[in-house]
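In: Here is a sequence together with a model predicted from it:
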Amino acid sequence: MEKKYYTEEVVRFSPWREEYQQSIGEYLESEKEKAEGKRSQFISPEAYKADMGGYRKKLIDMLGYPLNGKRETPELLKKEFVAQDGNVNIYRMQLLFFGKLKFYGIYFEQIKDKESAPFCIVQHGGGDSAEVISSMYGPNETYQDLTRRITDRGANAFAPQLLLWRDDPYGSTHDRLATDGKLRQIGGSITALELYLMRGSIDYFVENEGINAERLGVAGLSYGGMYALHLAAVDDRIKACYSCSWVNDCYIHSREDWSYFNAQNTFTVAETAAMIAPRPLVVGMGDKDNLFNLAVTEKECDRIEKYYAAFGATDRFKRDFFDGYHQVDPADDSIEFLMLHL
């Protein structure tokens, strides 16, 4: 005889599940409040000013491997001429790391005075490519010709391709979050890996392409703004940074690949940006940004500015809140601020 077990309607005890979900949220909010106290004990403007290198190392250790490992200058695997366009020669390049990892980017080299010119890493955002931010597929409302506006002002530029492109139209698939998960299992993160590759790319250009190591900058939008901020934070060779359409509260806008172990107790967005102080930093955000809230960005900027104040350098921190959406500011103020300090 078939044994019969107790059964009931699926939704009968749904409120119990809902209460569990809600209570997790309440628990996390209470823990976030505690974390703010822990974070204020961990770091302050005065403490950072007294031990800049020590805090930078702690940030690098939080992001993990390979950023906190041995530095390696990559080998040049490929360098293919694309075109001469105005004041620059354009090349596609592959740099080989660890004997197997082929990092790709587009290099814009000044035809005249390459060695004395500034050099900028210019970083695209989520779903896009090095070509898009460099206007190689035509005008783009989001990026507002960011790479070329920088090269038009006499800078060399390298636009790396990160693991962020859409499947369509680029024709190849990837799983960024799965890759991040695998890297976390070996003590790292996708952020740490890609920052390592960017920093190694700078090493390559300084050592092999005659780039001026005293005039290094970085700029990016959205995910690229995240990477620009982090690259300047972990590498104090960067003289100035332009981070557009990203500075936010990562507890509110939580994503797996920019959430790091113990970050709420140590380095949130403002504390990460603080590692740039007193070097020049401009934070951009459109007042109608459809991904982030300008009021939240303003609060983070208030916290960042306190670190610049500790150095008497508030003139080196600029807020660019402009009339626009999730895009680079069409006006020139932020790019001029970046270039002025290179």
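Out: Received it, and whenever you're ready, just let me know what you need.
In: Going by C-alpha atoms from here, please, whenever you check contacts or count neighbours.
Out: Fine.
In: What helices and strands are in contact with whichever strand or helix holds Lys239?
Out: In this structure, Lys239 sits in strand 238-244 according to DSSP states H and E. In terms of contacts (3 or more CA pairs under 8 Å, 6 or more residues apart in numbering; DSSP states H and E), strand 238-244 is packed against strand 216-221, helix 223-234, strand 281-286, helix 333-340.
In: ranges for the helices of the stretch 51-200 of the chain?
Out: Along the stretch 51-200 of the chain, counting by DSSP state H, counting those that start in this stretch, helices occupy 52-63, 130-133, 146-151, 167-170, 176-185, 190-208.
In: comparing the ones you listed, which gets the lowest mean pLDDT score?
Out: Least confidently modelled of the helices of the stretch 51-200 of the chain is helix 167-170, at a mean of 79 by mean pLDDT.
In: Pull the distance from it to the chain's centre.
Out: Distance of helix 167-170 from the chain centroid (CA atoms, centre = their mean, to the nearest Å) equals 22 Å.
In: ok, and what's touching that helix?
Out: With contact meaning CA atoms under 8 Å, 6 or more residues apart in numbering, helix 167-170 is reached by Thr173, His174.
In: One more pass at 7 Å, please.
Out: Among residues not part of helix 167-170, those counted as contacts by CA atoms under 7 Å, 6 or more residues apart in numbering are Thr173.
In: Using PDB, write out every CA atom in that helix.
Out: Taking Å, rounded to 0.1, in the frame of the first residue of the first chain, the C-alpha atoms of helix 167-170 are listed here in PDB:
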ATOM      1  CA  ASP A 167      27.500  38.800 -25.600                       C
ATOM      2  CA  ASP A 168      25.700  40.800 -28.300                       C
ATOM      3  CA  PRO A 169      27.100  42.400 -30.500                       C
ATOM      4  CA  TYR A 170      30.600  41.200 -29.600                       C
END
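In: so where's the stretch 1-150 of the chain uncertain?
Out: Along the stretch 1-150 of the chain, the model assigns pLDDT under 70 to no residue.
In: Next, give phi and psi for Phe321.
Out: Phe321 adopts backbone torsions of phi -100, psi 110, taken as degrees, to the nearest 10.
In: what's around it, how many residues?
Out: Applying other CA atoms under 10 Å, we find 18 residues neighbouring Phe321.
In: rewinding a little: nearest to His230, out of the helices of the stretch 51-200 of the chain?
Out: Evaluated with CA to CA, those place helix 190-208 nearest to His230, the distance being 7.7 Å.
In: Which other helices and strands does the closest one contact?
Out: Judged by 3 or more CA pairs under 7 Å, 6 or more residues apart in numbering; DSSP states H and E, helix 190-208 is in contact with helix 176-185.
In: again, 10 Å this time
Out: helix 52-63, strand 75-85, strand 88-97, strand 101-110, strand 119-123, strand 156-160, helix 176-185, helix 223-234 (3 or more CA pairs under 10 Å, 6 or more residues apart in numbering; DSSP states H and E).
In: Taking helix 333-340 as reference, get the angle to the fifth one.
Out: I take that to be strand 119-123. 150 degrees (axes from the mean of the first three to the mean of the last three CA atoms, to 10 degrees).
In: Would you mind writing the CA trace of strand 119-123 as CSV?
Out: Only the C-alpha atoms of strand 119-123 are listed here, as CSV (Å, rounded to 0.1, in the frame of the first residue of the first chain):
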residue,chain,number,x,y,z
PHE,A,119,49.7,59.0,-20.3
CYS,A,120,46.2,58.0,-19.3
ILE,A,121,44.5,54.7,-18.7
VAL,A,122,40.9,55.3,-20.1
GLN,A,123,38.4,52.7,-18.9
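In: what inclination does it have with respect to strand 156-160?
Out: Using the same axes, to 10 degrees, strand 119-123 lies at 30 degrees relative to strand 156-160.
In: go on, the second one?
Out: Per the same axes, to 10 degrees, the angle that strand 75-85 makes with strand 156-160 is 120 degrees.
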